[in-house]
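Predicted coordinates and the sequence they were generated for:
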Amino acid sequence: MLAVNYTNLRDNMKSYMDKVTDDYETMIVTRKNNKNVVMLSEESYNNLIENIHVMGNKDNYDWLMESKAQLEKGKIATHELTEVDDYE
């Protein structure tokens, strides 16, 4: 996680935004009176929101944890994929 003050961010905006998007860094922009801001990429933000949605639903969470437990116990199945012709 990066921390940068507002003035430094303003003077080097492109470089910091590139770090956030290209290196998946989360940045804290420090401001007066502790009114800080967090900057993250749109991709990271969307991932965070999706995780909150999935993990916030108890049924989804339970299903994921059960699937994880099955995987860890080796209870898996593999299937051959079948090619389907594209019909017009």
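Yes, it's here.

What about the residue lying closest to Met55 once chain neighbours are set aside, how many residues nearby?
Spatial nearest neighbour of Met55, chain neighbours left out: Tyr61 (5.4 Å); criterion: C-beta to C-beta, 6 or more residues apart in numbering. Any C-beta I mention is one placed from the backbone N, CA and C, and that applies to glycine too. Residues lying near Tyr61 (other C-beta atoms under 10 Å) number 12.

Which strand or helix spans Tyr61?
Assigned by DSSP states H and E, Tyr61 falls within helix 58-72.

buried residues in that helix?
Residues of helix 58-72 classed as buried by neighbour count (16 or more other C-beta atoms under 10 Å): none.

what mean pLDDT does that helix have?
The predicted model gives helix 58-72 an average pLDDT of 92.

my guess is the residue nearest to Met55 meets Asn51, correct?
No. If you go by C-beta atoms under 8 Å, Tyr61 and Asn51 don't touch, sitting 10.6 Å apart.

how close does Asn57 sit to Ala77?
25 Å (C-beta to C-beta, to the nearest Å).

just the helices in this protein please.
6-11, 13-22, 42-56, 58-72 (DSSP state H).

if I look at the spatially most central residue of the chain, how far off is Lys68?
Closest to where the C-alpha atoms of the chain average out (C-alpha atoms, centre = their mean) is Asn47, at 3.2 Å. Per C-beta to C-beta, Asn47 is found 18 Å from Lys68.
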